[in-house]
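S.K.: compute the structure for the input listed below.
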Amino acid sequence: MLHPVKKRAAVLLSLSTVAAVLAGPVAAAPAAPAPRQAAALHWTGCATTRYPSLQCASLQVPLDHARPAGRRITLALTRVPHTAATSQGPLLVNPGGPGGSGRSLAGFVASALPKDVAAQYDVIGFDPRGVGRSEPALDCAAGHFASARPDSVPRDAATERANLERVRSFAESCGAKYADVLPYIDTVSAARDLEVLRTALGAPRISYFGYSYGTYLGAVYAKLHPGRVHRLVLDSVVDPDGVWYEDNLAQDRAFDARHKAFLAWVAKYNATYRLGTDPQEVEERWYAMRDALRGAPAGGKVGPAELEDTYMPGGYYNGYWPSLAEAFAAYAVKGDPAPLVSAYERFGAVEPSAGNGYSVYMAVQCRDSAWPKNWNQWRADMWRTHAAAPFMTWNNAWYNAPCAFWPAQPLRAVDVTNDGLPPALLLQATEDAATPFGGALGMRDRLKGAALVVEEGGGNHGVALSGNKCLDAKVSAYLRTGEAADATCPAQEAPEPTAATRAVPSSAGGAALHGLLGFRG
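M.R.: Presented below is the predicted three-dimensional model:
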């Protein structure tokens, strides 16, 4: 998972008419001819204080790979070049999303790997088509996440209509602004861009390191070009069988479990937070806070939907738990909403630039595979899931619901089954909420010879290069030799509510990585 230009006059659809909107057949991704030899890349220095050897370039690729001589679009790239006498070639890195910018990830990965490993690779980050500094960069509807939004849980018809109008408006705005581009913002097209990049690099093969959605992008590239893969690292793995509607339902259940783990952690530290020693009692107080915010949003901006936005990042990374617990306690125990507003501004509020990431997220997910067009199916599925997993089921539904109205015809999800690859390395935490554990098992079954390294008991999303020495050693050894084997690593310890963990420095491994991966990515 990972935000108007000109909002049209409101014309509400009745719920009974949603089923008829934009129904159409599901298409297979068109075959693409072999890419033309791309022009050599021109790298220039774009050093930062943290990454002094960083270089930048741009690459033109076809908008439609079936028409390689047609309209071109531009991808923005970064590189940390190899320094060893012998190179293993390019290592492309992707933070997920879809819609995540990868330009900053190259420097992070190159600096986080052992020096002898990083020295062997040209570590290359890229903004996928539509993202960040690539051109054109999508931004469908400014202000889509302006607070306070309607309650995400539609307890009455008016709330449901308000949410439906909001998501339908977003889809219509995207269609109006980018009708010529949306049919080409999808994972298969992005994977074909990587093949153009490979030819521009002059590399016979590439290595790839992807997090979250980036695992699916990497698997699709490998399906299209198995003979061009040198190393393949997939961290926090998408379930290839659920792309994308079913994967989101699985997320709802997993995020609810992870939220309960956070609340149990709060109960463990009752001496600090004074919210109770029984996790069930703490959970009841959290939902009481949610109910209170429905009538009186904190600071005029944090209602129930924004509260969920604020606490969802705790499902991605437990390093945020102390800050989230402090905000919860301040509101529920002391009656002070200010820390909750601050937590929202830190974790939940959407920056103006985030509209790009969300727009690409929607464009890719809605195009990659078919979503239900009948809102009655969404409603039934969400209420069924909400009954067991109330934390974010409806919030996630509205996040993805523009797909019920999307103007571009969907493709069929790619079958990533592959017996033509060198061994791939998969990494997965057992309690990961964003990409539940079963997805990694499914991906391993589809990639012949793949190895799975499990972080037993871990709940963070994105586990390599974030401080777990056991996992990092497995990644480094694989990148050195290409050899991989199934293994288990213990999870890192959960944080404690101390001064040291309240303000985790952004340079710390876990915080630095999760700042790059973002949320819902």
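S.K.: which secondary structure elements does whatever helix or strand Asn356 lives in contact?
M.R.: Using DSSP states H and E, the element containing Asn356 is helix 354-368. Packed against helix 354-368 by the contact rule (3 or more Cβ pairs under 8 Å, 6 or more residues apart in numbering; DSSP states H and E) you find helix 157-178, helix 187-201. To be clear about C-beta, it is placed using only N, CA and C from the backbone, and glycine gets the same treatment.
S.K.: chain center to it: distance?
M.R.: Computed by Cα atoms, centre = their mean, to the nearest Å, the separation of helix 354-368 from the middle of its chain amounts to 10 Å.
S.K.: low-confidence ranges, the stretch 1-150 of the chain, go.
M.R.: With pLDDT under 70 as the threshold, the stretch 1-150 of the chain has low-confidence stretches at 1-38.
S.K.: let me see the ranges of the helices in it.
M.R.: If you assign secondary structure with DSSP state H, counting those that start in this stretch, the helices in the stretch 1-150 of the chain sit at 105-112, 115-118.
S.K.: which residue sits closest to Ala343, ignoring its sequence neighbours?
M.R.: Ala327 (3.9 Å; Cβ to Cβ, 6 or more residues apart in numbering).
S.K.: now swap in Ala363 and tell me
M.R.: Setting aside the residues directly before and after it, Ala363 is nearest to Ile185 in space (Cβ to Cβ, 6+ apart), at 3.9 Å.
S.K.: likewise for His225?
M.R.: On the basis of Cβ to Cβ, 6+ apart, the spatially nearest residue to His225 that is not a chain neighbour turns out to be Glu195, at 5.6 Å.
S.K.: same question for stretch 331-338, mean pLDDT?
M.R.: The average pLDDT within stretch 331-338 is 98.
S.K.: angle of the helix or strand where Thr385 lies against helix 157-178?
M.R.: Here Thr385, judged by DSSP H and E, is contained in helix 375-388. Compare the direction of helix 375-388 with that of helix 157-178 by axes from the mean of the first three to the mean of the last three Cα atoms, to 10 degrees and you get 120 degrees.
S.K.: for helix 375-388, the distance to its chain's centre please.
M.R.: On the basis of Cα atoms, centre = their mean, helix 375-388 is displaced by 23 Å from the centre of the chain it belongs to.
S.K.: buried stuff in that helix?
M.R.: Of the residues in helix 375-388, those with enough neighbours to count as buried (16 or more other Cβ atoms under 10 Å) are 375, 378-379, 381-382, 385-386.
S.K.: now stretch 288-300
M.R.: Of the residues in stretch 288-300, those buried under the neighbour-count criterion (16+ other Cβ under 10 Å) are 289-290, 292-294, 297-298.
S.K.: and that stretch, C-alpha only, in CSV?
M.R.: What follows is the C-alpha trace of stretch 288-300 in CSV, where atoms were taken according to Å, rounded to 0.1, in the frame of the first residue of the first chain:
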residue,chain,number,x,y,z
ALA,A,288,-12.8,5.0,22.8
MET,A,289,-10.3,7.6,21.7
ARG,A,290,-11.4,6.9,18.1
ASP,A,291,-15.0,7.4,19.0
ALA,A,292,-14.3,10.6,20.8
LEU,A,293,-12.5,12.0,17.8
ARG,A,294,-15.5,11.4,15.6
GLY,A,295,-17.4,14.2,17.3
ALA,A,296,-14.4,16.4,18.1
PRO,A,297,-11.3,16.0,15.9
ALA,A,298,-8.1,16.8,17.7
GLY,A,299,-6.8,20.2,16.7
GLY,A,300,-9.7,20.3,14.2
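S.K.: give me the contacts around it.
M.R.: 147-148, 151, 302-304, 306-308, 328, 331-332, 337-338, 340-341, 344 (Cβ atoms under 8 Å, 6 or more residues apart in numbering).
S.K.: mind checking which of those are buried?
M.R.: The neighbour-count criterion (16+ other Cβ under 10 Å) marks 147-148, 151, 302-304, 306-308, 328, 331-332, 337, 340-341, 344 among the contacts of stretch 288-300 as buried.
S.K.: if we can go back for a sec, redo the buried residues of helix 375-388 as a markdown table? Include distance to Leu217 and pLDDT.
M.R.: Formatted as a markdown table, the entries for the buried residues of helix 375-388 read as follows, by distance: Cβ to Cβ, whole Å; pLDDT from 0 to 100:
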| residue | distance to Leu217 | pLDDT |
| --- | --- | --- |
| Trp375 | 30 | 98 |
| Trp378 | 26 | 98 |
| Arg379 | 31 | 98 |
| Asp381 | 26 | 98 |
| Met382 | 27 | 98 |
| Thr385 | 27 | 98 |
| His386 | 30 | 98 |
